[in-house]
Structures are given as C-alpha cells and as structure tokens.
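Undergrad: Got a sequence here, can you model it:
(one chain, ligands or ions: 1)
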Amino acid sequence: MLLKDKVAIITGAASARGLGFATAKLFAENGAKVVIIDLNEAASISAARSLGEGHLGLAANVADEAQVQAAIGQVMAKYGRVDVLVNNAGITQPLKLMDIRRENYDAVLDVSLRGTLLMSQAVIPTMRAQKSGSIVCISSVSAQRGGGIFGGPHYSAAKAGVLGLARAMARELGPDNVRVNCITPGLIQTDITAGKLTDEMTAGILAGIPMNRLGDAVDIARAALFLGSDLSSYSTGITLDVNGGMLI
Ligand code: NAD
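TA: Modelled structure (predicted):
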C-alpha cells in the first residue's frame, strides 16, 4: 500500500488501454484515492467507478485554464488535498516536418506542454502548503531520439519541452518538498499502436529494443508508482527511461 489514503490526480486516464488508466489502477490497488481527468465526462466517471469506491472522474481539457481550475476546485472540495499529479494527457500526430501547420503545432503543444504547466500550477499552491507532493510528467523517448513512429517533430518538441519544464519546476519546488520527475516511455502497446503496426514494422522496431518486446502499460504504471510514492523520496528532476533498452 505505497499510496495509502494519498490523493492522486491522473490526466488522460479514461482510455481503458492507455498508460493513464493502467497507472490509475495500480495507484488504486496501492490505496490511493484516484482522480481521473479526461476530456469526456461519462468516460472519466465510468473509468473512476471501475476502480472501486472513493475515486472521482472529472471532465477537463488540460489545456484550458478555466476547466483545469474548476476540476481542481472539485478535487479540493471532495478531498481537501493533492499528493500526486501525473501529467499524462497527450496526443500524437504522425506528420513529417514540412507538413506541420500552425494548428498541428498548437494542438500537440497545447495538450502536452501547456497542459502540464496548467495542471501543475493548479496543484502547486496546495502541495506547497502541505510541504509535500509529487508531480510525475509523462514525456517520451521521442524527445530523446528526435522522433518516433507515431509522433511528428512537433510531438518530439512538446515532449522535450516537458523535460525542461519538469526540471525547472523541480528546482523551484525542491525547498517545499515538492518533487517533480519525468518518465520517458518507449513504444508501449496502447490505442496509439493497436492495429497500426504491420509485422514488418514490428520486426523493425524490435530490432532496436534489446529486451525484444514492446512495453506494456503496466511497465509505465510501475515507474509512476515509484516516482509518485515515497520509494523515490530523494529523487527530483530525474528522467526515468522505460523503454526496454532502446537508448543503449
Ligand atoms: P491514449 O491516447 O491511449 O490516452 C491519452 C488520453 O489523453 C486519452 O484518454 C485522451 O482522451 C486524453 N486526452 C487527450 N487530450 C486531452 C486533453 N486536452 N485534456 C485531457 N485529456 C486529454 O495514449 P497513451 O498511449 O496512453 O499515452 C499516454 C501518454 O504517454 C501521452 O502523453 C503519450 O504521448 C505518452 N507516450 C505514449 C507512448 C506509447 O507508446 N503509447 C510512448 C511515449 C509516450
């Protein structure tokens, strides 16, 4: 029970096969009161209910400041504290460099980067007052390798931005005992990959992964549990690679 009675908010966690929901499930199994924030209210509520009693599902676009503030207001009204925030919401667009238009850039950076900033700003006053808190940001191996299979260059930029933002937040919030860390997943089997990889593509990808398998959502959830809980009590500003050895 690594998160017993802790209040943990996870964004983009309503999709059953996604990294966010796997994290929500593992957090709930570890005693957390989980708040799922996603775009669709019914999906968020149903995902939260599937975790058992005492959890909360809310609708908010993480890139919309008013919606974020309203959601955090509801969390505070129900629980009165926030111990963990997992900034997981993100979108990909498989575009080549010269095909990126302003609307593509805005959409991808808005969710990953602005969303991470706005959600963090919304919980930081509470975490500071508590003198404790852990913020976990989901970046990507695309930020480190400068590209991936499903995200375009603007996605790499957004996820690299998350790494920089998280380190800056970690530096500023360290004195308040609020830790901020990142996870850089490799290629994980979720809706992003489901049915979209041919055998040839899979073989090509596996050739670059020493562990010779794609990741499972629970691989990321376990890393989030480590960073969200006191298991990582003296770690802040770190980037935890969960990629089967892709960068060796
Ligand atoms: P997913 O598409 O299954 O889940 C993303 C969730 O975010 C969805 O439920 C979606 O509704 C929600 N969302 C999208 N925009 C939102 C917004 N503006 N506000 C609130 N919620 C929003 O994706 P996933 O594969 O589970 O990815 C989760 C995170 O991990 C993303 O940030 C993604 O970039 C990152 N990531 C995934 C992989 C992978 O291989 N799957 C690899 C590296 C990084």
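Undergrad: what pLDDT does the residue of the chain lying at maximal distance from its centre get?
TA: Note on the chain: the largest C-alpha distance from the chain mean falls to E200, namely 29.4 Å (CA atoms, centre = their mean). Here the pLDDT value assigned to E200 is 89.
Undergrad: so which helix or strand takes in it?
TA: For E200, the host element (DSSP states H and E) is helix 199-207.
Undergrad: CA atoms only: put that helix into PDB for me.
TA: The C-alpha atoms that make up helix 199-207 are tabulated as PDB, following Å, rounded to 0.1, in the frame of the first residue of the first chain:
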ATOM      1  CA  ASP A 199       4.600  -7.500 -38.900                       C
ATOM      2  CA  GLU A 200       7.400  -5.800 -40.900                       C
ATOM      3  CA  MET A 201       7.100  -2.600 -38.800                       C
ATOM      4  CA  THR A 202       7.100  -4.600 -35.600                       C
ATOM      5  CA  ALA A 203      10.200  -6.600 -36.600                       C
ATOM      6  CA  GLY A 204      12.000  -3.400 -37.400                       C
ATOM      7  CA  ILE A 205      11.100  -1.800 -34.100                       C
ATOM      8  CA  LEU A 206      12.000  -4.900 -32.100                       C
ATOM      9  CA  ALA A 207      15.400  -5.000 -33.700                       C
END
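Undergrad: Which helix or strand lies directly C-terminal to that helix?
TA: Going down the chain from helix 199-207, the next helix or strand is helix 217-228, by DSSP H and E.
Undergrad: How about residues contacting that following helix?
TA: Around helix 217-228, the neighbours that count as contacts under CB atoms under 8 Å, 6 or more residues apart in numbering are 2-3, 6, 8, 17-19, 21-23, 25-27, 30, 84, 86, 134, 136, 138, 179, 181, 183, 185, 188-190, 231-232, 235, 240, 242. C-betas here are computed from N, CA, C, even on glycine.
Undergrad: do that helix and the ligand meet at all?
TA: No - Helix 217-228 stays clear of the ligand (CB under 6 Å from any ligand atom), getting no nearer than 6.8 Å.
Undergrad: Get me the contact residues on this protein for the ligand.
TA: When proximity is defined as CB under 6 Å from any ligand atom, the chain approaches the ligand at 11-12, 14-15, 18-20, 38-39, 61-63, 88-92, 111-112, 115, 138, 140, 185, 187-188, 190-193.
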